[in-house]
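Visitor: Got a predicted structure plus its sequence, pasted below:
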Amino acid sequence: MIESHPLSPLARRWAAYAPLWPHDRNALLALPFTSRNCAKDGYLVREGQQVKDCNLLLSGFAYRQKVLANGGRQII
C-alpha cells in the first residue's frame, strides 16, 4: 500500500464503499495526474470556461458560485 501517493485518499474512500482489488488500486494509482495548490478564494473553473481536465479535490473545501448582474456572488 502506497500511502504517500497523492491519489491514496481517493483509493481509501472507494475501498470503503466496495472492494478494491490490488490490481484495481494499482491501476488507479498509475493514472496520470497533475497536482496543484489553489489559492484561497481562487478558481478551479470559471463560469463559461471550456473545461479540459477533471479536477479532484484532495483536501480542503470548494463551493460553487454564480456572478450576478450587479457584480455580486450567489453561492449555489
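Guide: Good, I have the coordinates.

Visitor: Please make it C-alpha for all contacts and neighbour counts, starting now.
Guide: OK.

Visitor: Show me the helices in the chain, by range?
Guide: Here the chain has its helices, by DSSP state H, at 8-17, 22-29.

Visitor: Could you list every helix and strand in contact with the longest one?
Guide: Okay, so that is helix 8-17. Applying 3 or more CA pairs under 8 Å, 6 or more residues apart in numbering; DSSP states H and E, we find helix 8-17 packed against helix 22-29.

Visitor: which ones are touching R13?
Guide: If a contact means CA atoms under 8 Å, 6 or more residues apart in numbering, then R13 has no contacts.

Visitor: Tell me how far it lies from L58.
Guide: Applying CA to CA, to the nearest Å, the value for R13 to L58 is 11 Å.

Visitor: now swap in I76 and tell me
Guide: Noted for I76: a distance of 21 Å to L58, by CA to CA.

Visitor: between the two, which one's more packed in?
Guide: L58 (12 against 7; other CA atoms under 10 Å).

Visitor: how about the more buried one, what does it touch?
Guide: L58 makes contact with P6, L7, P9, L10 under the criterion CA under 8 Å, 6+ apart.

Visitor: And these, which of them are buried?
Guide: L7, L10 (16 or more other CA atoms under 10 Å).

Visitor: As CSV, the contacts of L58 with pLDDT would be great.
Guide: Shown next, in CSV, are the contacts of L58 (pLDDT from 0 to 100):
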residue, pLDDT
P6, 87
L7, 89
P9, 87
L10, 88
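
Visitor: Among the contacts of L58, which pair sits farthest apart?
Guide: Farthest pair in the contacts of L58 (CA to CA) is P6 and L10. Separation: 8.5 Å.

Visitor: Strands of the chain, start to end?
Guide: 65-67, 73-75 (DSSP state E).

Visitor: closest to R36 out of these?
Guide: strand 65-67 (21.2 Å).

Visitor: Quick check: can you name the pairing partners of that closest one and their directions?
Guide: Strand pairing for strand 65-67, using DSSP bridges, gives strand 73-75 (antiparallel).
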